[in-house]
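1. Turn this into a structure:
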Amino acid sequence: MIARMLQDASRRQRRATGVAIVLAVLAAIAGVGLLAVSGWFLTGAAIAGAAGAVAARGFNYLLPSAGIRAFAITRTLGRYGERLFSHRAAFFALADVRPALFARLAGAEPGAVF
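-> Residues are numbered from 1 along each chain as shown. Here you go, the predicted model:
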């Protein structure tokens, strides 16, 4: 009985769940990109620093740092959106189940409820 109610309620929240999944994938991809760019940036800066002052002056730190910021912001917004839409789907599904469950329990015989 409850499993059927939850199944029907979750079916109505497929769009919000789908958006949450897409945003979670986006956040995961941004996290991997953040790791890759920041690792490359740290390694490149260390190599440029070890190569001497001329190489350190020629090292472009603006583009990698902008990429790091972009990936960090994308990851943060993706996580926020994923939580927003997944909680929305869960709470609206429970809002559908709660009255139906209460109506069933209210209409049942008192001995059959427990």
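
2. which residues are in contact with stretch 97-104?
-> If you take C-beta atoms under 8 Å, 6 or more residues apart in numbering as the criterion, stretch 97-104 is touched by 1, 2, 5, 6, 9. Where C-beta positions appear, they are placed from N, C-alpha and C, glycine not excepted.

3. a markdown table for the residues you listed, including secondary structure and distance to residue 69?
-> Below are the contacts of stretch 97-104 laid out as a markdown table (DSSP: H, G, I helix; E, B strand; the rest coil; distance: C-beta to C-beta, whole Å):
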| residue | secondary structure | distance to residue 69 |
| --- | --- | --- |
| 1 | coil | 51 |
| 2 | helix | 46 |
| 5 | helix | 45 |
| 6 | helix | 41 |
| 9 | helix | 40 |
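
4. which two from those residues end up farthest apart in space?
-> Within these, 1 and 9 form the most distant pair, 12.8 Å apart (C-beta to C-beta).

5. The two: who's more crowded?
-> Between residue 1 and residue 9, counted using other C-beta atoms under 10 Å, residue 9 has the larger neighbour count: 19 against 8.

6. My guess is the more buried one contacts residue 89. True?
-> No. Taking contacts as C-beta atoms under 8 Å, residue 9 lies outside contact range of residue 89: 9.6 Å.

7. Please, where are all the helices along this structure?
-> For the chain, applying DSSP state H gives helices covering 2-11, 14-51, 53-58, 62-107, 110-113.

8. Averaging pLDDT over each of these, report the lowest-scoring one.
-> With a mean of 74, helix 110-113 has the lowest mean pLDDT of the helices of the chain.

9. For that helix, output the C-alpha coordinates as CSV.
-> C-alpha atoms of helix 110-113 as CSV (Å, rounded to 0.1, in the frame of the first residue of the first chain):
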residue,chain,number,x,y,z
PRO,A,110,-9.2,0.7,14.6
GLY,A,111,-8.1,-2.9,15.1
ALA,A,112,-6.7,-3.2,11.6
VAL,A,113,-4.5,-0.1,11.8
